[in-house]
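*Asks:* Sequence first, predicted coordinates after that:
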Amino acid sequence: MEALVEQPDTAEKQKSFDPLASIHLLRYDLDHYGEVLPETRQRVCDEELSYLVEGIDKAACTSFLIKRDGDDLVYFSQSTWRPYMGALLTGLGIARNEAEKDPRRQFLADRAVDDLRHGYELLAMQPGEQKVWHSPYAHSEEAQYGEEFIKDCGMNPQRKMGFLYQAVCQHDGSILLKSQTVDRSDDDAFQAVNQAAAADPQINMEAMVDIYDEHLQEKFGDHFFAGRRESKKNENAWDEIHNHRDLIEFHLNKLEAIASQAIAGAELENVTKRHLYGVWASFKKRLSGESISHTSVNYSYASHLYDPELHHMLEVEVRQNFKEFVSRGEVLVGCGGAIRIVNSENDVMDADASDVHTVIFGGSDSDRYGSLTFKCPAGHHNRRPRGVLLTKCQTSNCKAKVTC
């Protein structure tokens, strides 16, 4: 998963989404301080919503603040402010270790080097200065190694998603970092943005997106926003999610309540997943217009403990949406061990959280035969056309037979 804005320690969360990551952060505060610090709650909120927004098939623009502490940039982790550059160095080390184990991942190590370079440039920024850059989709790596590998690396093959970044140094030296998704990652369009930024050092994100889209319009003769034909001007999934403050605050409160319980192991994981998947399903229904918010109250951290009646209504909404999801009988993984959600939630609990996220938000890469991507007996990655079964591995010179 490539975060909408690179969080300093996401490199440590390698391939799969960890449904217990927020629980661990909240428990740290509860164990050490007897309460959850406001900064920790905000960080959990940002990370939970950043992952949620990746499932929404819309453009998204997010903003996060990296603070200045003397000569260092810092981010909030485990109830303290930690050096941003140290986290980037850790991420580079992890990426290089992964590349040693799997040489196909060398491009991720190269990107981690770029992240570190950008980090040093952010560190050197002065108030009033700004920096822009981009992160393209890995077209060549997908062509060489296949979509399944690219998905494992945290990228979106369906949207060929890249990112535009804008960092602005505030008056106090902190860095406001904006990130905009752009579909149909196009090197020439990115280059046009870079040229415009070089000519106008104060260019804003809206102008950058316009330039990117103008290039695609010249290339394809169609209307685009953030590289998407079907999107409206200034569409932002991040803002749409934040319109549902009742569900956001309920989600955070419930995570904190779970973190405070004396449970561990499989019980903790199941309780968390049941809540998390219900929240995902609820956001999916709300954003698709199938249900609406229970309240328009503008919550703040200080007032997040809202009334019991509203809490009960949200509890029912989330629980019902989880049960509805379970009852649909979706295919999570196919061909050689298909996991189907049938008469109970056991299959959901056993499935990878990232796969559940994909299915809930309508990006299921499967059809009536199961998964569209799979490995042959020799371990080669394959992808079959929708509605078509294959009889042999598609990798050149591989004679392995398949029935997927």
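*Replies:* Perfect, thanks for sending it.
*Asks:* ok but V74 is inside a strand, no?
*Replies:* Yes - under DSSP: H, G, I helix; E, B strand; the rest coil, V74 sits within a strand.
*Asks:* which stretches of the stretch 151-300 of the chain have low pLDDT?
*Replies:* 292-300 (pLDDT under 70).
*Asks:* Quick one: the helices in it, in order.
*Replies:* 187-199, 205-220, 237-242, 245-259, 265-287 (DSSP state H, counting those that start in this stretch).
*Asks:* Outline the domain layout of the chain.
*Replies:* 10-240, 328-404 (automatic domain parsing).
*Asks:* list the contacts for E269?
*Replies:* Shown in contact with E269 (Cβ atoms under 8 Å, 6 or more residues apart in numbering): P19, L20, M349. (Each C-beta comes from the backbone N, C-alpha and C, glycine too.)
*Asks:* And L88, by the same measure?
*Replies:* Neighbours of L88 in contact, by Cβ under 8 Å, 6+ apart: P8, A112, D115, L116, G119.
*Asks:* from the residues you listed, which single one is nearest S185?
*Replies:* The closest of the contacts of L88 to S185 turns out to be D115 (Cβ to Cβ; 17.4 Å).
*Asks:* Could you check how many residues crowd around the closest one?
*Replies:* 19 (other Cβ atoms under 10 Å).
*Asks:* Same check on the one 4 residues further on?
*Replies:* Taking other Cβ under 10 Å as the criterion, the count of residues near G119 is 23.
*Asks:* re the thing from before, confidence-wise, which of the contacts of L88 comes last?
*Replies:* Lowest pLDDT within the contacts of L88 is found at P8 (46).
*Asks:* quick one, strands of the chain?
*Replies:* 61-69, 72-77, 80-83, 130-135, 162-169, 175-182, 331-333, 339-340, 366-367, 370-371, 373-375, 381-383 (DSSP state E).
*Asks:* Just want the angle from the fifth one to helix 205-220.
*Replies:* Angle of strand 162-169 versus helix 205-220, following axes from the mean of the first three to the mean of the last three Cα atoms, to 10 degrees, is 160 degrees.
*Asks:* Give me the angle between strand 162-169 and strand 130-135.
*Replies:* 160 degrees.
*Asks:* The second one now?
*Replies:* Using the same axes, to 10 degrees, the inter-axis angle of strand 72-77 relative to strand 130-135 is 60 degrees.
*Asks:* wait, D115 sits on G91?
*Replies:* Yes - here D115 reaches G91: they are 6.7 Å apart, a contact under Cβ atoms under 8 Å.
*Asks:* hang on, the earlier thing: reformat the helices of the stretch 151-300 of the chain as CSV; add distance to C153.
*Replies:* As requested, the helices of the stretch 151-300 of the chain are exported to CSV (distance: least, Cβ to Cβ, whole Å):
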stretch, distance to C153
helix 187-199, 19
helix 205-220, 23
helix 237-242, 22
helix 245-259, 28
helix 265-287, 22
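*Asks:* Ok, which of those comes nearest R68?
*Replies:* helix 205-220 (21.7 Å).
*Asks:* next one: that closest one to chain centre, how far?
*Replies:* Here helix 205-220 is found 24 Å from its chain centre; the criterion is Cα atoms, centre = their mean, to the nearest Å.
*Asks:* Buried residues in it, which are they?
*Replies:* M205, M208, V209, D210, I211, Y212, D213, H215, L216 (16 or more other Cβ atoms under 10 Å).
*Asks:* before we move on, back to that, for the contacts of L88, which one is nearest L389?
*Replies:* Nearest to L389 among these, with distances taken as Cβ to Cβ, is A112, at 39.1 Å.
*Asks:* just checking, the closest one touches G91?
*Replies:* Yes - checked against Cβ under 8 Å, the pair A112 and G91 is within contact range at 5.4 Å.
*Asks:* how much space between D69 and H139?
*Replies:* Distance, D69 to H139, using Cβ to Cβ, to the nearest Å: 39 Å.
*Asks:* What's the separation between L92 and D110?
*Replies:* 10 Å.
*Asks:* So for those two, which residue has more residues nearby?
*Replies:* Taking other Cβ under 10 Å, L92 and D110 do not tie; L92 has more neighbours (19 against 13).
*Asks:* ok, the more buried one - contacts?
*Replies:* Neighbours of L92 in contact, by Cβ under 8 Å, 6+ apart: A11, A109, A112, V113, D115, L116.
*Asks:* Tell me which two of those residues sit farthest apart.
*Replies:* A11 and V113 (12.2 Å).
*Asks:* Who has more neighbours out of the two?
*Replies:* A11 (21 against 13).
*Asks:* what about A257, how many residues close to it?
*Replies:* 12.
*Asks:* T272 versus that one, what's the distance?
*Replies:* Applying Cβ to Cβ to A257 and T272 gives a distance of 11 Å.
*Asks:* which ones among the contacts of L88 are found in helices?
*Replies:* A112, D115, L116, G119 (DSSP state H).
*Asks:* Nearest to L314 among the residues you listed?
*Replies:* D115 (37.7 Å).
*Asks:* Give me the nearest residue to the closest one, chain neighbours excluded.
*Replies:* L88 (5.6 Å; Cβ to Cβ, 6 or more residues apart in numbering).
*Asks:* Identify the residues contacting the residue lying closest to P377 once chain neighbours are set aside.
*Replies:* Leaving aside its sequence neighbours, P377 sits nearest to A400 (Cβ to Cβ, 6+ apart; 4.8 Å). Neighbouring residues of A400 by Cβ under 8 Å, 6+ apart: C376, P377, A378, H380, K392, C393.
*Asks:* Many thanks, I have nothing further to ask.
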